[in-house]
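Novice: here's my sequence, what's the structure:
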Amino acid sequence: QVQLVESGGGLVQAGASLRLSCAASGRSIVTYYMGWFRQAPGKEREFVAAITLSGGTTYYADSVKGRFTISRDNAKNSVYLQMNNLKPEDAAVYYCVAGRGPITNRGNYDYRGQGTQVTVSS
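Specialist: I've put the predicted structure just below:
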């Protein structure tokens, strides 16, 4: 079992930055692909970003490409999502996920955290 705890969400103005953190426990994430999803009220879950085991390759939704950066620190058993130039449409609950296989926009993960709220005012 992998437990995931997100932090770093909050209320910011459009154009601001936030850095989300995801702390894993229970097992080392070194053998898990990691990613972030988000869900806004009344909307479906949306893939945001994913990162491979070593962190050498990253993937992003088109809506966040160039603004968000996913990274991982296997020594700290943590994953991060740096979000720059936030827009009101980025507002959602952000979830950290872990999977035994590559994370894709199909939502193929094995573990998910409780989420952290991001609110962006215009």
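Novice: shaky segments in the protein?
Specialist: Within the chain, no stretch has pLDDT under 70.
Novice: in space, not sequence, find me the middle residue of it.
Specialist: Centrality entry for the chain: nearest residue to the mean C-alpha point is residue 36, 2.6 Å, by CA atoms, centre = their mean.
Novice: what's that residue in contact with, if anything?
Specialist: 20, 22, 48, 49, 50, 70, 79, 81, 94, 95, 96, 97 (CB atoms under 8 Å, 6 or more residues apart in numbering). (C-beta placed from N, C-alpha, C; glycine too.)
Novice: for residue 24, the count of nearby residues, please.
Specialist: Using other CB atoms under 10 Å, residue 24 is surrounded by 23 other residues.
Novice: any chance of the contacts of residue 36 in JSON lines, plus secondary structure?
Specialist: Compiled in JSON lines, the contacts of residue 36 are given as follows (DSSP: H, G, I helix; E, B strand; the rest coil):
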{"residue": "20", "secondary structure": "strand"}
{"residue": "22", "secondary structure": "strand"}
{"residue": "48", "secondary structure": "strand"}
{"residue": "49", "secondary structure": "strand"}
{"residue": "50", "secondary structure": "strand"}
{"residue": "70", "secondary structure": "strand"}
{"residue": "79", "secondary structure": "strand"}
{"residue": "81", "secondary structure": "strand"}
{"residue": "94", "secondary structure": "strand"}
{"residue": "95", "secondary structure": "strand"}
{"residue": "96", "secondary structure": "strand"}
{"residue": "97", "secondary structure": "strand"}
